[in-house]
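> sequence and predicted model, in that order:
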Amino acid sequence: MKYLTLLVFLVATLSFAASLSSSSVVDDIKPQKIQCPCSNKTLCQPINPGNERKELFIFSIVQGNYKYYDWSQITTYAVFYPDPVGEALCVAHENNARLVFQASYPLLQLTNSTYKKEWIKQQIDLVENNYADGINIDFEASINDTQNELSALYTALVAEVSLAMKKVNPNYQVTVDVPYAPYCTFGRCYDYLGLSQAADFLVLMFYDLFGSYPANPCIAGPNSPLLLVPEGLENFTLTGVTKDKLVMAIPWYGYTYKCQNATNLNLEDCSLEQNVNGQVTCPHPMVSMDYGAIVNMIQDPKNKTSGPLWSDKYSSVYLNYVDQQETIHQVWYDDEETIELKVNIAKKYSIRGISSWNADQLDYSDKISSSLMWDSFKPFFEQQM
């Protein structure tokens, strides 16, 4: 399988390189650049960070919040909002951080070579026109274990766009978002080794994991349990993916659940509503909650909450609160303590970097809580004694 992966990657790379030498995607591009938004025009040059470095890869969905981030740590700023990015580019480059754009690709177009060629052209146009540094491919479509051709086509797509990008500028970055574990996690039977070889690195999404670990599905549980971190990292290395190709993404949000027939504000087991149609099922509708909103709820004296509680079972933090109908809800989330536990595991595994989804889920008017969350990443970059 390993040699098949390498063969698919090499064939895709060589075939695309041949197309570049004639009427190529790249050679046909005539970018129409926007006006440089920086007073210092040198900041409109793509950055060259030099040697490979440890990554703090930050996702952003809100334009304008960049001014509150801890730029002393950030190495890549992934923009998930519409361009142009304006002054954010200048701040990123001033701090030697890359700015990359989100890129998505339709599953049904993987077999369409004409669409693929135009898509690659569009990605390069987007990056060049905005003085940016690359793309982050967020492809989360299901490919089952019988669709080997689709999996190979996806790997080839990443290889081709990466080759095209780096032909324009070898410092451009192409990264790929993937589930927390390989194989067929969440129905995504991708060629993870091939993707890691085609991209600069993979961003492993260690969130939205309720139901992915051994537990009663009718009891609320953590969004990002600690026990899955070493398991996910270990499984990626077992597929042959090298540690320098792995970046671990951690959530800055949680989920709230409605507890059934609960009266104890300090409870840990929050029973969820059950459907009984021959068998018991728990649809457990969840509502996401930003970390900033969670902290505000705890701090507001008008709210009736348990305050933060600790689960030894999951090494996770949670809280309970009472709504206006006197119903108890439970929120599982990550704070600076649980994040630092995950960060220390990432450091132990010597992976490429860490990440957060997303940087706009803090309340930056609360300087203490937001600073603590940023500071929880720092141990990853500290030199081991």
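Perfect, I can see it now. Numbering: from 1, shown residues only.
> helices of the protein, residue ranges please.
2-21, 87-94, 113-129, 148-168, 192-198, 228-238, 291-299, 336-348, 367-375, 378-381 (DSSP state H).
> who's in contact with the last one?
Applying C-beta atoms under 8 Å, 6 or more residues apart in numbering, the external contacts of helix 378-381 come out as 54, 56, 73, 340, 343, 344, 346, 347, 353, 354. Just so you know, the C-beta spots here come from the backbone N, C-alpha and C atoms, and that holds for glycine as well.
> one more time with 6 Å, if that's ok
Residues outside helix 378-381 that contact it (C-beta atoms under 6 Å, 6 or more residues apart in numbering): 54, 343, 347, 354.
> so which of these is the closest to residue 155?
Minimum distance to residue 155 across the contacts of helix 378-381 is 25.0 Å, recorded for residue 354 (C-beta to C-beta).
> burial measure for the closest residue to residue 350 other than its chain neighbours, as a count.
Of all residues not flanking residue 350 in the chain, residue 243 sits nearest, at 5.3 Å (C-beta to C-beta, 6 or more residues apart in numbering). For residue 243, the count of nearby residues is 14 (other C-beta atoms under 10 Å).
> any idea how far residue 243 lies from residue 257?
For residue 243, the distance to residue 257 (C-beta to C-beta, to the nearest Å) stands at 35 Å.
> so where is the chain shaky, pLDDT-wise?
1-31, 276-280, 283-285, 384-385 (pLDDT under 70).
> quick one on the thing from earlier: among the helices of the chain, which is the most enclosed?
helix 192-198 (a mean of 25; mean count of other C-beta atoms under 10 Å).
> what packs against it?
Using 3 or more C-beta pairs under 6 Å, 6 or more residues apart in numbering; DSSP states H and E, the elements in contact with helix 192-198 are helix 2-21, helix 148-168.
> if we go to 8 Å?
helix 2-21, helix 148-168, strand 173-179, strand 201-205 (3 or more C-beta pairs under 8 Å, 6 or more residues apart in numbering; DSSP states H and E).
> ok so, going back, right, and the helices of the chain - which one's nearest residue 36?
Comparing these against residue 36 with C-beta to C-beta, the closest turns out to be helix 87-94 (8.7 Å).
> list the contacts of that closest one.
The contact list for helix 87-94 (C-beta under 8 Å, 6+ apart) reads 37-40, 43-45, 47, 63, 66-67, 71, 74, 77, 79, 98-99, 130-132.
> just the buried ones from those residues, in PyMOL syntax?
A single PyMOL command is used to select the members of these judged buried by 16 or more other C-beta atoms under 10 Å:
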select buried, resi 37+38+43+44+47+63+66+71+74+77+79+98+99+130+131+132
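> restricted to strands, list the contacts of helix 87-94.
77, 79, 98, 99 (DSSP state E).
> just the closest of those to residue 118, please.
For the ones in strands among the contacts of helix 87-94, the nearest to residue 118 is residue 79 (21.6 Å; C-beta to C-beta).
> tell me how many other residues crowd the nearest residue to residue 360 once chain neighbours are set aside.
In this structure, residue 360 finds its nearest non-sequential neighbour in residue 62, 4.0 Å apart by C-beta to C-beta, 6+ apart. Residue 62 has 12 neighbours, counted by other C-beta under 10 Å.
> what about residue 62, distance to residue 358?
Look at residue 62 and residue 358: by C-beta to C-beta, they are 8 Å apart.
> so residue 316 makes contact with residue 228?
No - using C-beta atoms under 8 Å, residue 316 is not in contact with residue 228, being 11.0 Å away.
> got a list of what the closest residue to residue 65 other than its chain neighbours touches?
Excluding its sequence neighbours, the residue lying closest to residue 65 (C-beta to C-beta, 6+ apart) is residue 360, at 4.9 Å. Residues in contact with residue 360, defined by C-beta under 8 Å, 6+ apart, are 60, 61, 62, 65.
> so what's the last one up against?
Looking back up the chat, that one is residue 65. Here residue 65 is in contact with 359, 360, 364 (criterion: C-beta under 8 Å, 6+ apart).
> so can I have a markdown table of these showing distance to residue 333?
As requested, those are exported to a markdown table (distance: C-beta to C-beta, whole Å):
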| residue | distance to residue 333 |
| --- | --- |
| 359 | 16 |
| 360 | 16 |
| 364 | 18 |
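> any idea which of those residues is closest to residue 250?
Once C-beta to C-beta is applied, the member of the contacts of residue 65 that ends up nearest residue 250 is residue 359, at 11.5 Å.
> for the closest one, give its distance to residue 67.
Distance from residue 359 to residue 67, by C-beta to C-beta: 11 Å.
> can you check residue 347 too?
Distance from residue 347 to residue 67, by C-beta to C-beta: 29 Å.
> ok, and the closest non-adjacent residue to residue 292?
Spatial nearest neighbour of residue 292, excluding adjacent residues (C-beta to C-beta, 6+ apart): residue 363 at 3.0 Å.
> could you chop the protein up by domain?
Per automatic domain parsing, the structural domains of the chain span 2-28+53-251+336-381, 258-329.
> to residue 178, which of the helices of the chain lies closest?
Taking C-beta to C-beta, helix 192-198 is the member of the helices of the chain nearest to residue 178, at 6.5 Å.
> is it true that the residue nearest to residue 292 touches residue 297?
No - using C-beta under 8 Å, residue 363 makes no contact with residue 297, being 10.7 Å away.
> residue 83 contacts residue 126, doesn't it?
Yes - taking C-beta under 8 Å as the definition, residue 83 is a contact partner of residue 126 at 6.8 Å.
> what do these two both touch?
Each of residue 101 lies in contact with both residue 83 and residue 126 under the rule C-beta under 8 Å, 6+ apart.
> please tell me how far residue 300 sits from residue 308.
14 Å.
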